[in-house]
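Asks: build me a structure from this.
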Amino acid sequence: MRKTIISITLLISVLIATSVQAAEYSATMVTKSSEGTFKAKIFVKGKWHRHEQPEAVILFDEETGKTYSIVPAEKIYIEMGEDEESEESQSTLNSPEDLKMEVGQTMSDEDGKIERLPSETVGKYRCDVYRHTPQEEGFGPSTIWFSPKLKTAVKAVSETPMGTITMEYVDIEEGPQDEKLFTIPEGYSKMELNF
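Replies: Coordinates of the predicted model:
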């Protein structure tokens, strides 16, 4: 189970990292791996992302890089990240559309190779498709389907040492999201992590 949680966290990170000031919408994120199928409800409003899972709610602020893990059963939350604007958000490369790659073009760096594949439609969204092949042994390619309209990846498939992990947004509903979804509920205590 721990491996699955780590893998799901990696896929969520891919989605968050590929989103930059996304449109407002909600969706269901379906993640499939060798350990089963998991669903989470997703809400996006500007710089904020909310991921609802049965045990916890994760809030992420793109501008600061802060993550808030909220545990309703215990009425606590954990804050992680920096107070200042994150290095990722300061980068000039915030999303796949910043790559400005043509179909068939590849780019390489110390992490691996990125290829731009032909565009495809996922659900009702035309997507730019990118495949990253890492240098790291044991990991295969990861492919993302990036929606320019939503400014986020709506599908990702990763080959990992634990098998194939597929994530896809389904039941996407565009429209304004309630501001309350992106705040810590009243009466919750902050839990300090001592590392």
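
Asks: any low-confidence regions in the protein?
Replies: 1-22, 82-99, 194-195 (pLDDT under 70).

Asks: looking at this, Lys180 is in a helix?
Replies: Yes - under DSSP: H, G, I helix; E, B strand; the rest coil, Lys180 sits within a helix.

Asks: what is the burial count for it?
Replies: Applying other Cβ atoms under 10 Å, we find 7 residues neighbouring Lys180. C-betas here are computed from N, CA, C, even on glycine.

Asks: now it: how far from Met80?
Replies: Lys180 sits at a distance of 22 Å from Met80 (criterion: Cβ to Cβ, to the nearest Å).

Asks: same check, this time on Glu192
Replies: 11 Å.

Asks: got it, and Ala23?
Replies: On the measure of Cβ to Cβ, Ala23 and Met80 end up 26 Å apart.

Asks: show me which of those two is the more surrounded one.
Replies: More neighbours surround Ala23 than the other of Ala23 and Met80, with 16 against 11 (other Cβ under 10 Å).

Asks: for the nearest residue to the more buried one once chain neighbours are set aside, helix, strand, or coil?
Replies: Spatially, and ignoring its direct neighbours in sequence, Ala23 is nearest to Leu150 (5.2 Å; Cβ to Cβ, 6 or more residues apart in numbering). At Leu150, secondary structure determined by three-state DSSP is coil.
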